[in-house]
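S.K.: please find the sequence and the predicted model below.
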Amino acid sequence: MQIVRATVAGGEPDRAAVRTERGLHLLPSALHELLALPASELRQIVEAAAAADPVPTPATVALRAPVSGLTEVWAAGVTYERSRTARMAESEREADIYDRVYDAERPELFFKAASWRVVGPGGAVSIRSDSAVNVPEPELAVVVNRHGEIVGYTICDDVSSRSIEGENPLYLPQAKTYLGACAVGPGITPAWEVPEPYALPIHLSIERGGEVVWSGAASTAQLHRKLPTLVEFLFRADEFPHGVVLATGTSLVPDLPFTLREGDTVAIEITGLGVLTNSVVVGKAGVAALVAEVAR
């Protein structure tokens, strides 16, 4: 079972639904409205929808990023040993700050994307034209309601410029937060369907010209911090009326000097959560549809 945001042919362009083996079951509220509810109420609504009749087939369904309304995407950094090592290697002057934050009580948390900037499954992510080294960062993301409860899990690609961040840690927003730098999907697996979030295999593959040019595997078992702790720090001084998606860090980072190129295909699989697949373009022109969508 997954909660998805979809466009159904012949229907409304933005519907929240539950996807089961029987098909697509429409939900009564928009996705961001559901994330304003307590976890117990959300579960009742989702399970009731899953028990109802699915959308009549055949129906053309296009999945969109499961982020809408005022829901934001945030991210945690240096939560895996591999991430600490990679960011120390790319930093030209301040490598020790990553070592310090890995062991600190307070995690690194940063804003990643507003809902309208988030790319969905099958869409194109963008790499910066003014960056020499750009990489995908496959991450388990927790979906949190406005009450600070973890209600689901999804996949996030935290696309990043390693060269810009490595030049100066204060350039982190430019390395991480720009149009087309965040993909989320394919849907949200409810928390009650994931009994052990600390044992999820993660696989990343990058194809170029029909061949796999980089691949790797890891597990959330290697996560250095607990998920509720990351959420608690995020909510200490902030409110999220439409919930929030929090990417929890990466443990799969290609070795330098590997970089994404235009035309690459990035596929991130987390067992039980599905596969998030996106093509790669260079610069904001390739993801201009994100701007066009919000302007409508």
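M.R.: Sure thing, it's come through.

S.K.: how far away is Cys124 from Cys156?
M.R.: Not Cys; residue 124 is Ala. Ala124 sits at a distance of 16 Å from Cys156 (criterion: CB to CB, to the nearest Å). For every residue, glycine as well, the C-beta is placed using N, CA and C.

S.K.: pick out whichever of the two has more residues nearby.
M.R.: A direct count of neighbours by other CB atoms under 10 Å for Ala124 and Cys156 places Cys156 higher, at 29 against 16.

S.K.: partner residues bridging the more buried one?
M.R.: Legend: beta-bridge partners of Cys156 under DSSP bridges are Glu139, Val184.

S.K.: that one and Ala247 touch, don't they?
M.R.: Yes. Using CB atoms under 8 Å, Cys156 is in contact with Ala247, at 4.0 Å.

S.K.: name the helix or strand of the chain that has the lowest mean pLDDT.
M.R.: Scoring the helices and strands of the chain by mean pLDDT, DSSP states H and E places helix 81-90 at the bottom, with a mean of 59.

S.K.: so which other helices or strands are in contact with the following helix or strand past it?
M.R.: Once the chain leaves helix 81-90, the next helix or strand it forms, by DSSP states H and E, is helix 96-103. The elements that helix 96-103 packs onto, with contact taken as 3 or more CB pairs under 8 Å, 6 or more residues apart in numbering; DSSP states H and E, are helix 81-90.

S.K.: any idea which helix or strand carries Ala75?
M.R.: strand 72-77.

S.K.: residues in contact with that strand?
M.R.: Residues outside strand 72-77 that contact it (CB atoms under 8 Å, 6 or more residues apart in numbering): 67, 83, 87, 101, 107-115, 118, 139, 141, 156, 158, 176, 182, 184, 225, 230, 234, 240, 244-249.

S.K.: can you report how many residues lie near His147?
M.R.: Neighbour count for His147, taken as other CB under 10 Å: 15.

S.K.: list the contacts of it.
M.R.: By CB under 8 Å, 6+ apart, the contact set of His147 is Pro38, Ala39.

S.K.: that one falls within a strand, correct?
M.R.: No. Per DSSP: H, G, I helix; E, B strand; the rest coil, His147 lies outside any strand segment and is coil.

S.K.: state the pLDDT value of it.
M.R.: His147 is assigned 98 on the pLDDT scale.

S.K.: ok, it to Gly187 distance?
M.R.: The value you get for His147 to Gly187, if CB to CB is used, is 21 Å.

S.K.: please spell out which residues along stretch 134-148 are buried.
M.R.: Neighbour counts over stretch 134-148 (16 or more other CB atoms under 10 Å) mark 134-146, 148 as buried.

S.K.: still on that earlier bit, residues shared between the contacts of Cys156 and Ala247?
M.R.: With CB under 8 Å, 6+ apart as the test, Cys156 and Ala247 both reach Val73, Ala75, Lys112, Glu139, Leu140, Ala141.

S.K.: next, count neighbours for the second one.
M.R.: Neighbours of Ala75 under the rule other CB under 10 Å: 27.

S.K.: what of Ile45?
M.R.: Ile45: 17 surrounding residues under other CB under 10 Å.

S.K.: quick one: it is in a helix?
M.R.: Yes. Checked against three-state DSSP, Ile45 lies within a helix.

S.K.: sounds good, over and out.
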